[in-house]
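Predicted model and sequence below, questions to follow.
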Amino acid sequence: MKNKPMYDFIVKINDMTVEKKTSLLFLVMVAGMLFIGSFSHISLNRIMDNYNVIYAKRMLPIASLEKLKDIYSVNILDTLRDMERNLIAYKQGEDVVFLAQDLIRRDWKDYKLGMTTKNDSFIDKLLDFFYIGRVKNNNQATTSDEYFLAAKVDKKIDYIDSILTDMFILFKNDNKKQAYEILKSQLYPAVYSVNIDLTQLININLEASVQDKEKTNQVYKTTFEWIVAGTIGTIFVAALIAIVILQNIRLLHENLANMVDEKTEELQELNRNLELKINQGIESSRQKDEIMIRQSRHAAMGEMIGNIAHQWRQPLNALGLVIQSFQTKKMLNGTLSEEFIDAQVKEGLMLAENMSKTIDDFRNFFNPNKQKTLFSIEKSIQKSIEIIGGYYKRDKINIILTTLNDFEIMGFPNEFSQVIINLFSNSKDALKESDLEEKLIEVVVNTDDIYGYVDVIDNGGGIKKDVLDRIFEPYFTTKHKSSGTGIGLYMSQQIIEKQMNGKIVAENISHSFTGFGKYEKCTNIKISLPLKGGNDYGSK
């Protein structure tokens with residue numbers, strides 16, 4: 001048999017009790033989650049470390065080498081040329097050149113010190129062993145060339161210093177002609193020569209940074225491959241076990257149905273004798289009750305297994321959101337801190353442990369509404385705050401909900417919650433750029449005789465007058481292209497005005513936050529919604 005191992009595995013599962021099969025299903029789920037989470041954590045640490053290597057150990061030395069070239073060309077040669085043209089005095093030129101020499105020695109010393117600290121860490125070596133053969137590594141040859149060129153530059157720097165010393169001795173003795181002859185015959189060639197070597201060092205660092213980038217890309221690709229393989233494998237095994245369990249439950253139901261049919265036939269035979277019919281009827285009734293109880297229990301078990309199989313897909317989606325947040329964080333801030341990575345990994349594991357309640361909440365929340373329903377504005381906003389409140393607390397942003405008069409409207413509650421979360425996100429971006437000690441967002445819910453109002457106010461400094469009238473235009477954004485598309489407020493306007501017949505406007509106001517002080521420069525996004533029986537903006 002071609003698939004004998006798989007056949008034996010299915011036979012062993014069939015021989016287990018339903019309780020053991022369910023336990024095995026949970027074990028597969030937990031093991032899969034731990035594998036995906038652990039591998040993601042290790043790989044993301046490597047990606048962050050490679051990023052730091054490219055920046056701190058490659059880009060900064062390149063900038064330092066470019067600075068050395070500029071000092072030789074601008075601070076030294078141009079100064080000597082100005083002295084030759086009598087544009088600056090001898091003493092001023094001497095001070096500039098000596099200062100340039102001091103900067104060269106200091107920067108070159110820092111560069112050489114950086115060369116000795118480019119050894120890989122233990123994690124680098126461990127992960128390089130794990131990804132062995134994936135990326136060609138030429139670091140040893142690159143390092144050898146770098147040390148060879150560094151030794152040449154050392155000698156040339158000393159040589160240039162000696163030339164400058166001789167020149168300024170001649171300047172001091174008022175022998176300018178001989179000093180300028182040394183400038184042309186010795187200093188120019190020496191500076192050009194050392195600049196060539198510095199350029200070669202820059203190229204070596206650029207080649208090394210390209211290699212490090214290739215390693216980072218390969219780590220990302222390999223991580224993705226392993227996560228996909230682990231996810232597919234886990235889903236396959238879990239689905240296989242779930243199918244076997246459900247098949248066994250179907251067989252149990254069929255057996256119970258057959259038992260009911262048999263008992264029914266027995267009852268028909270008992271009709272011939274009344275006394276026997278009564279006695280056996282009581283016994284049959286008792287047996288039927290037992291069968292119904294067993295059917296109910298098995299049905300409940302089947303529903304539980306169905307829920308488990310259904311909810312298994314949701315933690316994977318949530319984990320995908322957690323992993324995606326690393327890319328988003330990198331796009332927004334450019335760096336991935338240890339604290340951020342630890343927090344995201346803990347959040348992923350917490351989703352696995354609390355998947356029943358948390359996943360159901362998120363599934364219901366983000367499921368688009370197909371029909372309009374009557375819902376409470378206060379409860380919808382409170383639900384939105386519960387969903388995103390934890391992320392805002394990490395940035396020390398206080399969200400305050402002040403309900404003066406709650407009201408209900410007919411509309412799409414999930415879409416309205418998405419609008420509120422989008423407004424919170426815009427406020428959060430403004431507050432993160434400010435240096436305020438108290439970062440506040442207050443939502444004020446109120447009504448009059450015709451309309452209900454929702455004011456989302458933040459103390460982020462207000463909106464500039466020249467963009468105030470354009471913020472609801474599609475694709476208009478004041479953020480960098482990497483962090484904003486300009487579609488969020490436009491879609492919010494479409495939902496409020498087209499789907500809910502309301503109105504949304506932006507204004508700059510002064511506001512006294514509940515429990516806090518008053519701020520003069522605040523942004524207020526005001527949503528106006530028609531109450532039941534009132535006119536709506538969409539009909540105007």
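It's in.

Show me the shaky parts of the stretch 101-250 of the chain.
116-143, 219 (pLDDT under 70).

try 50 this time
Flagging of the stretch 101-250 of the chain using pLDDT under 50 yields the residue ranges 119, 121-123, 126, 131-138.

Okay, helices next: where are they in it?
Counting by DSSP state H, counting those that start in this stretch, the stretch 101-250 of the chain has helices at residues 122-130, 139-172, 176-182, 188-270.

so how far is the longest one off the chain centroid?
Just to be clear, that refers to helix 188-270. 18 Å (CA atoms, centre = their mean, to the nearest Å).

what's the angle from it to helix 139-172?
Angle of helix 188-270 versus helix 139-172, following axes from the mean of the first three to the mean of the last three CA atoms, to 10 degrees, is 150 degrees.

Check which helices and strands helix 188-270 is in contact with.
helix 4-15, helix 18-52, helix 60-70, helix 139-172, helix 274-333 (3 or more CB pairs under 8 Å, 6 or more residues apart in numbering; DSSP states H and E). Where you see a C-beta, it was placed from the backbone N, CA and C, and this is true even at glycine.

Could you dump the helices of the stretch 101-250 of the chain into a markdown table and include distance to residue 411 and mean neighbour count?
Shown next, in a markdown table, are those (distance: least, CB to CB, whole Å; neighbours: other CB atoms under 10 Å):
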| stretch | distance to residue 411 | mean neighbour count |
| --- | --- | --- |
| helix 122-130 | 51 | 13 |
| helix 139-172 | 61 | 15 |
| helix 176-182 | 85 | 15 |
| helix 188-270 | 37 | 16 |
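
and the residue nearest the centre of the chain, what does it touch?
Note on the chain: the residue nearest the mean C-alpha position is residue 325, at 1.5 Å, using CA atoms, centre = their mean. Residues counted as contacts of residue 325 (CB atoms under 8 Å, 6 or more residues apart in numbering) are residue 344.

And the pLDDT at it?
At residue 325, the model reports a pLDDT of 76.

And the one 3 residues further on, by the same measure?
We have a pLDDT of 77 for residue 328.

quick one: the residue nearest to the centre of the chain and residue 340, what's the gap?
Note on residue 325: its distance to residue 340, by CB to CB, to the nearest Å, is 9 Å.

now do residue 204
For residue 204 relative to residue 340 (CB to CB), the value is 33 Å.

what's the answer for residue 25, then?
Per CB to CB, residue 25 is found 33 Å from residue 340.

which helices and strands does the strand ranked longest in the chain pack with?
If you go by DSSP state E, the chain has its longest strand at strand 518-530. When contacts are defined as 3+ CB pairs under 8 Å, 6+ apart, strand 518-530 packs onto strand 408-411, helix 413-432, strand 451-458, strand 503-512.

Deepest in the core, which of these is it.
Each of these was assessed for mean neighbour count using mean count of other CB atoms under 10 Å. The highest is strand 451-458, with a mean of 22.

Paired strands for that strand, with orientation please.
Here strand 451-458 is paired, per DSSP bridges, with strand 439-447 (antiparallel), strand 518-530 (antiparallel).

now the angle from the shortest one to strand 503-512?
Going back to what we said before, that points to strand 439-447. Orientation check (the same axes, to 10 degrees): strand 439-447 against strand 503-512 gives 120 degrees.

how about strand 439-447: buried residues?
439-445, 447 (16 or more other CB atoms under 10 Å).

Then the longest one?
By neighbour count, with 16+ other CB under 10 Å as the criterion, the buried positions of strand 518-530 are 519, 522-530.

which among the residues you listed gets closest to residue 335?
Distance to residue 335 across those (CB to CB) is lowest for residue 523, with 28.2 Å.

Need the buried residues of strand 439-447 in CSV (columns: distance to residue 62 and pLDDT).
Shown next, in CSV, are these (distance: CB to CB, whole Å; pLDDT from 0 to 100):
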residue, distance to residue 62, pLDDT
439, 38, 92
440, 44, 94
441, 43, 95
442, 48, 96
443, 49, 96
444, 53, 96
445, 56, 96
447, 62, 94
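
Make TSV out of the residues you listed and add distance to residue 419.
Output for the buried residues of strand 439-447, formatted as TSV (distance: CB to CB, whole Å):
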residue	distance to residue 419
439	21
440	20
441	14
442	17
443	12
444	16
445	14
447	18
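
Which single one of the residues you listed is nearest to residue 19?
residue 443 (48.8 Å).

Quickly list what that closest one is bridged to.
Bridge pairing for residue 443 - DSSP bridges - gives residue 401, residue 456.

so it sits right up against residue 404, yeah?
No - counting by CB atoms under 8 Å, residue 443 stays clear of residue 404, with 11.1 Å between them.

Of the helices of the stretch 101-250 of the chain, which is nearest residue 428?
Taking the helices of the stretch 101-250 of the chain one by one with CB to CB, helix 188-270 is closest: 28.1 Å.

and residue 29, how many residues sit next to it?
Using other CB atoms under 10 Å, residue 29 has 21 neighbouring residues.

Grab the nearest non-local neighbour of residue 96.
residue 79 (4.7 Å; CB to CB, 6 or more residues apart in numbering).

In three-state terms, label that neighbour for me.
Three-state assignment for residue 79 (DSSP: H, G, I helix; E, B strand; the rest coil): helix.

and it, what does it touch?
88, 93, 96-97, 100 are the contacts of residue 79 under CB under 8 Å, 6+ apart.

now with 10 Å?
By CB atoms under 10 Å, 6 or more residues apart in numbering, the contact list for residue 79 reads 87-88, 92-97, 99-100.

Among these, name the buried ones.
Neighbour-count burial (16+ other CB under 10 Å) is assigned, among the contacts of residue 79, to 88, 93-94, 96-97, 100.

sorry, back to before: least confident of the helices and strands packed on helix 188-270, on average?
helix 274-333 - the lowest mean pLDDT of the helices and strands packed on helix 188-270, at a mean of 55.
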